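Asks: Fold the following and give me the result.
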Amino acid sequence: MGRLILIVLIVLAVYLVWKAFGPSSWKKNGRDAVQDNPRREIKGPDDDEEFLWNIEKQRFKERRATEIEEERQRKQRGEDEPEA
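Replies: Presented below is the predicted three-dimensional model:
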C-alpha cells in the first residue's frame with residue numbers, strides 16, 4: 001500500500017512540474033513576450049519617466065504663474081524693487 005501511495009505522489013509531482021514548466025509556459029517567457037511589449041514594465045507612477053516629467057513641468061508652470069502674479073501685484077502697488 002505504501003508503494004502505491006509513493007508512485008501516485010511521484011506521478012502527481014511529475015504532472016505538476018510538467019504543467020508549471022512544460023512547453024505551454026515557454027512562450028510566456030521567451031521572445032514572444034519581448035516582441036509583444038517592447039517597453040519595460042512599469043510598476044507604478046514613480047517608475048514612469050514621462051509621468052515624472054509631466055509633474056515637473058506642471059510644478060514649473062505653477063511656480064512661474066505665481067511669480068508672474070506676484071510681479072503684477074507689486075507693479076500695481078508701485079513697488080519696483082523685489083523683496084529681499
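
Asks: For K19, see how far away L6 is.
Replies: 21 Å (Cβ to Cβ, to the nearest Å). Every C-beta, even on glycine, is put in place using the N, C-alpha and C of the backbone.

Asks: How about T66?
Replies: 60 Å.

Asks: got it, and W26?
Replies: Distance from W26 to K19, by Cβ to Cβ: 13 Å.

Asks: Run a quick neighbour tally on D47.
Replies: 11 (other Cβ atoms under 10 Å).

Asks: repeat for the one 5 residues further on
Replies: Other residues near L52 number 12, with proximity taken as other Cβ under 10 Å.

Asks: pLDDT score for it?
Replies: At L52, the pLDDT value in this model is 86.

Asks: Which residue comes closest to it once chain neighbours are left out?
Replies: D46 (7.3 Å; Cβ to Cβ, 6 or more residues apart in numbering).

Asks: right, and the helix or strand after the helix or strand of the chain with the lowest mean pLDDT?
Replies: In the chain, no helix or strand scores lower on mean pLDDT, DSSP states H and E than helix 31-36, which sits at a mean of 53. Following helix 31-36 in sequence order, the next helix or strand is helix 49-77 (DSSP states H and E).

Asks: Can you mark which positions in that following helix are buried?
Replies: Within helix 49-77, no residue counts as buried by 16 or more other Cβ atoms under 10 Å.

Asks: which helices and strands does that helix pack with?
Replies: Using 3 or more Cβ pairs under 8 Å, 6 or more residues apart in numbering; DSSP states H and E as the contact test, no helix or strand touches helix 49-77.

Asks: Can you show me the CA trace of the helix or strand encompassing A13 as CSV?
Replies: Assigned by DSSP H and E, A13 belongs to helix 2-21. Provided in CSV are the C-alpha atoms of helix 2-21 (Å, rounded to 0.1, in the frame of the first residue of the first chain):
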residue,chain,number,x,y,z
GLY,A,2,2.9,2.4,0.8
ARG,A,3,4.5,1.8,-2.6
LEU,A,4,1.2,2.6,-4.3
ILE,A,5,0.9,5.9,-2.5
LEU,A,6,4.6,6.7,-3.3
ILE,A,7,4.0,6.0,-7.0
VAL,A,8,0.9,8.2,-7.0
LEU,A,9,2.8,11.0,-5.3
ILE,A,10,5.6,10.8,-7.8
VAL,A,11,3.2,10.8,-10.8
LEU,A,12,1.4,13.8,-9.3
ALA,A,13,4.7,15.6,-8.7
VAL,A,14,5.8,15.0,-12.4
TYR,A,15,2.4,16.2,-13.6
LEU,A,16,2.6,19.4,-11.6
VAL,A,17,6.2,20.1,-12.7
TRP,A,18,5.2,19.5,-16.3
LYS,A,19,2.2,21.9,-16.0
ALA,A,20,4.4,24.5,-14.4
PHE,A,21,7.5,24.3,-16.6
